[in-house]
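K.L.:
Give me a model of this one.
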Amino acid sequence: MEWVAAAIVLALFIYFTRKMLILSGVVVAIVAVLGAYFYYQDWTKEKEIEKVAVIIKFSPDECKEPYPLHIIIGNASDSVVTKVEWDIAVFKPGFSTDISQSGYHEYSEDKILKPKEGWGICARVPELTTKVKNLSSLEYLVKNKYVTFE
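P.N.:
All right, here's what the predicted structure looks like:
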């Protein structure tokens, strides 16, 4: 059945070459404008997400066991944040392999943050693939951050 449509389009190009080229150009221009618009929207959203910081520190003084990770969320964007989700990557000093077993968006906070506001919480250390005696010697980083804006 597709060959019928292809044959019709080919016949139109043969008999109405100029009009079909003009129509093709218009369709390509419309698709290009729509693509640029959606790309720009995605790019601006990524820039807003980058302005929301999630900082993780191992701080047993500020956060007692079993929640020794102090997590600070800062909204430097111009939008209101309604939820932040993330995972934690854990590294041994000098190594590049993530030793955490955290699931996708295992950590989240639904505190509404207005522009230029921040919030701090305490969280547990994710399960690790290897035994580590000194959790304070590890490096904790944010991965898979997702931000929901109002």
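
K.L.:
does the nearest residue to F13 once chain neighbours are set aside count as helix, strand or coil?
P.N.:
Among residues not flanking F13 along the chain, M20 sits closest, at 4.8 Å (Cβ to Cβ, 6 or more residues apart in numbering). Glycine gets a C-beta too; all of them are placed from N, C-alpha and C. What DSSP: H, G, I helix; E, B strand; the rest coil gives for M20 is helix.

K.L.:
Ok, V147 next?
P.N.:
Quick answer, by three-state DSSP: V147 is strand.

K.L.:
How about it: which residues does it bridge to?
P.N.:
Going by DSSP bridges, V147 is paired in beta bridges with V84.

K.L.:
which residues touch it?
P.N.:
48-49, 52, 81, 83-85 (Cβ atoms under 8 Å, 6 or more residues apart in numbering).

K.L.:
Nearest to W3 among those?
P.N.:
Nearest to W3 among these: I49, at 46.0 Å, using Cβ to Cβ.

K.L.:
where does that closest one land in three-state SS?
P.N.:
Quick answer, by three-state DSSP: I49 is helix.

K.L.:
in stretch 45-54, what's buried?
P.N.:
By 16 or more other Cβ atoms under 10 Å, the buried positions in stretch 45-54 come out as 48-49, 52, 54.

K.L.:
Ends of it, what's the gap?
P.N.:
17 Å (Cα to Cα, to the nearest Å).

K.L.:
Could you list the residues in contact with that stretch?
P.N.:
Under Cβ under 8 Å, 6+ apart, the answer for stretch 45-54 is 71-79, 81, 84, 86, 113, 142, 145-147, 149.

K.L.:
how does it look with 6 Å?
P.N.:
73-77, 79, 81, 86, 142, 145, 147 (Cβ atoms under 6 Å, 6 or more residues apart in numbering).

K.L.:
Now intersect these with the strands, please.
P.N.:
In strands, defined here by DSSP state E, the members of the contacts of stretch 45-54 are 73-75, 81, 86, 142, 145, 147.

K.L.:
mind giving me CSV with those residues and columns for pLDDT and distance to Y40?
P.N.:
Shown next, in CSV, are the ones in strands among the contacts of stretch 45-54 (pLDDT from 0 to 100; distance: Cβ to Cβ, whole Å):
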residue, pLDDT, distance to Y40
I73, 96, 27
G74, 96, 26
N75, 96, 22
V81, 95, 21
W86, 92, 26
V142, 92, 26
K145, 92, 21
V147, 94, 18
